[in-house]
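K.L.:
Test case, fold it:
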Amino acid sequence: MQPDEKDVSGALEIELQDERVLLHPERALVWPGRRTLLIADPHFGKDDVFRRAGIALPRGPAIADLQRVTSLIEHYACERLVVLGDFVHAATHDGDSFLHAFAVWRRAHAQLSVEVIAGNHDRRENAARWTNVAQWRTAPLSEPPFVFAHEPAKHLNGYVLAGHIHPVTHLTRIRRRVRVPVFWQRPDYLVMPSFGSFTGGATIDPEPTDELFAVGPERVIALGGAGAAQRP
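P.N.:
Residues are numbered from 1 along each chain as shown. Predicted coordinates:
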């Protein structure tokens, strides 16, 4: 899909700092003007970590999540992937299933630029392992009007796009409360939901002026200021 075509994927178009961006139900953000896909907190290899601890888990979450990335970059003709931290869940080990899956995936997308803004879970990873396949950054990246960072922060000389928190909120639906991931828009930054399918979430406490965008199975829904009191 070319950036100027009508989007029918369930993504919600909003304007940030006079830039058109798309909030996608796959818990990703597309910046069409730069042909850039942003994801936060995939926590790749978390299943490998659990298996090393003796917890039997099936292999496959990383492969499924990489397939989701593939679908997004192909749909939007993206030329760049930016990961806003916690690329891996913990330091990888030789023989991890994720390393094999990523190597296969990377060869299939050799022309794609991949940039990782290292997060707190990435600190023990050997960055040299990724030298030939990704740009590994240990500090926020300024790309006006935005700053790409792992943790949301003010005063970084730009509007911050970040992750780290895994924001979720609760919606009331037919006498029951439903927990949903959200994009959390604040005056100085936007916090993205975690991309990884094997991650949890943290309930947020937004200010009345904040905007929440709920991620449904098929589309992203604007909830209004502070989630319009979590929208009954």
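K.L.:
sec struct for the residue nearest to Ile39 when sequence neighbours are not counted, please.
P.N.:
Spatial nearest neighbour of Ile39, excluding adjacent residues (C-beta to C-beta, 6 or more residues apart in numbering): Phe195 at 3.9 Å. For glycine as for every other residue, the C-beta is placed from the backbone atoms N, C-alpha and C. Three-state call for Phe195 (DSSP: H, G, I helix; E, B strand; the rest coil): coil.
K.L.:
swap in the one 4 residues further on?
P.N.:
Taken by three-state DSSP, the conformation at Thr199 corresponds to coil.
K.L.:
Might one say that it is in contact with Asp41?
P.N.:
Yes: with contact defined as C-beta atoms under 8 Å, Thr199 counts as touching Asp41 (6.1 Å).
K.L.:
was I right about Ala127 contacting Gln135?
P.N.:
No: assessed by C-beta under 8 Å, Ala127 is found out of contact with Gln135, at 10.1 Å.
K.L.:
Common neighbours of these two, please.
P.N.:
Overlap between the contact sets of Ala127 and Gln135, as judged by C-beta atoms under 8 Å, 6 or more residues apart in numbering, is nil.
K.L.:
related to what we said a few turns ago, between Thr199 and Asp41, who's got more neighbours?
P.N.:
Legend: neighbour count by other C-beta atoms under 10 Å for Thr199 and Asp41, higher for Asp41 (27 against 19).
K.L.:
need the contact list for that one.
P.N.:
Residues near Asp41 by C-beta under 8 Å, 6+ apart: Leu84, Gly85, Asp86, Gly119, Gly163, His164, His166, Met192, Ser194, Phe195, Gly196, Thr199.
K.L.:
Can you tell me which of these lies closest to Ile221?
P.N.:
Among the contacts of Asp41, Met192 lies closest to Ile221 (C-beta to C-beta), at 15.8 Å.
K.L.:
Find the residue closest to that closest one in space, skipping its chain neighbours.
P.N.:
Closest to Met192 by C-beta to C-beta, 6+ apart is Ala40, at 4.2 Å.
K.L.:
Please determine how far that neighbour is located from Arg51.
P.N.:
24 Å (C-beta to C-beta, to the nearest Å).
K.L.:
who has more neighbours, the two?
P.N.:
Ala40 (30 against 15).
K.L.:
what's the pLDDT at the more buried one?
P.N.:
Looking at Ala40, its pLDDT is 98.
K.L.:
Kindly report the same for Leu57.
P.N.:
Leu57 is given a pLDDT of 61.
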